[in-house]
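Trainee: Whatever this is, show me its structure:
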Amino acid sequence: MKFITIFAAFILCLCMICSFIPSQSDMQIYTDTVRLHVIAESDDSADQLIKLSVRNEVVEYLSELSENAQSAEETIKIINDNIDDIRRVADRALEKLDSDAKAEVVLSNEYYPTRSCENVRLPAGTYTSLKIKIGKAQGHNWWCVLYPQLSRGSTSVDDTLIRTGFSSDQIEILTGSEKIKYKLRFKILEIFG
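Mentor: As a prediction, this is how the structure comes out:
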């Protein structure tokens with residue numbers, strides 16, 4: 001009986017560990033999404049407003065550039081081809097607000113915790129990210145999704161995700177519409193109980 005208890009505990013632990021391994025759908029979400037990450041120079045309220053101004057200018061510029069992008073790869077190529085111009089847009093936004101800070105703009109892979117935006121819940125993981133560091137970049141950050149563009153007028157988030165090519169399982173993960181229900185049962189206890 002002691003062996004069965006130890007074996008059942010081992011199986012339970014193994015199942016719990018495996019539940020943290022990303023599924024194939026999660027992995028596809030990571031590769032099919034491009035994110036924007038803007039980090040303020042400091043937590044000072046003026047620096048936070050500057051961060052939002054830089055964000056607005058860069059998002060507007062990138063929205064125009066990438067409005068016809070059909071994939072994350074196309075969006076990444078557009079960003080790579082225009083990275084110097086993106087930095088200039090960010091620096092121009094800083095100059096308009098009389099900030100001495102400069103923007104550092106890089107495209108990299110970056111880990112994000114689970115976050116929600118525009119009725120979409122992105123699972124924790126490593127995503128391709130356009131990162132904009134303002135000055136010392138020691139302040140609060142702001143992030144959004146560059147691809148797929150989730151704010152396209154009257155198009156719903158679900159329609160945008162479908163058009164982008166996400167599967168119904170992935171859309172359930174992203175929109176949180178999945179209703180996960182767990183019922184813990186021990187078959188061995190049901191047999192002997």
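Trainee: For the protein, which segments are assigned as helices?
Mentor: Secondary structure of the chain (DSSP state H): helices located at 2-18, 24-31, 45-66, 72-81, 83-96, 157-164, 168-175, 187-192.
Trainee: Please work out the average pLDDT along the last one.
Mentor: The average pLDDT for helix 187-192 rounds to 52.
Trainee: follow-up on the earlier one: comparing the helices of the chain by mean pLDDT, which bottoms out?
Mentor: Looking over those, mean pLDDT reaches its minimum on helix 187-192, with a mean of 52.
Trainee: For the closest residue to residue 65 other than its chain neighbours, grab the count of nearby residues.
Mentor: Distance criterion Cβ to Cβ, 6 or more residues apart in numbering; nearest residue to residue 65, sequence neighbours excluded, is residue 78 at 5.4 Å. Any C-beta I mention is one placed from the backbone N, CA and C, and that applies to glycine too. Residue 78: 19 surrounding residues under other Cβ atoms under 10 Å.
Trainee: pretty sure residue 78 is touching residue 66, no?
Mentor: Yes - the pair residue 78 / residue 66 is scored as a contact, 5.0 Å apart, by Cβ atoms under 8 Å.
Trainee: The residue nearest to residue 65: what's it in contact with?
Mentor: 62, 65, 66, 69 (Cβ atoms under 8 Å, 6 or more residues apart in numbering).
Trainee: Quick check: the third one vs residue 131, distance?
Mentor: As for residue 66, its distance to residue 131 is 17 Å (criterion: Cβ to Cβ, to the nearest Å).
Trainee: now the first one
Mentor: Look at residue 62 and residue 131: by Cβ to Cβ, they are 13 Å apart.
Trainee: quick one: which of these two has more around it?
Mentor: More neighbours surround residue 62 than the other of residue 62 and residue 131, with 23 against 18 (other Cβ under 10 Å).
Trainee: mind listing what the more buried one touches?
Mentor: Counted by Cβ under 8 Å, 6+ apart, residue 62 has contacts 36, 78, 79, 86, 130, 146.
Trainee: Now with 7 Å, please.
Mentor: residue 146 (Cβ atoms under 7 Å, 6 or more residues apart in numbering).
Trainee: go on, residue 111?
Mentor: Contacts of residue 111 (Cβ under 7 Å, 6+ apart): residue 126.
Trainee: Could you list everything it pairs with in the sheet?
Mentor: Counting by DSSP bridges, residue 111 is bridged to residue 126.
Trainee: how close does it get to residue 131?
Mentor: For residue 111 relative to residue 131 (Cβ to Cβ), the value is 12 Å.
Trainee: next one: residue 73
Mentor: In terms of Cβ to Cβ, residue 73 sits 19 Å off from residue 131.
Trainee: ditto for residue 114
Mentor: Residue 114 is 19 Å from residue 131, where distance means Cβ to Cβ.
Trainee: just residue 5 next, same as before
Mentor: Distance of residue 5 to residue 131, given as Cβ to Cβ: 50 Å.
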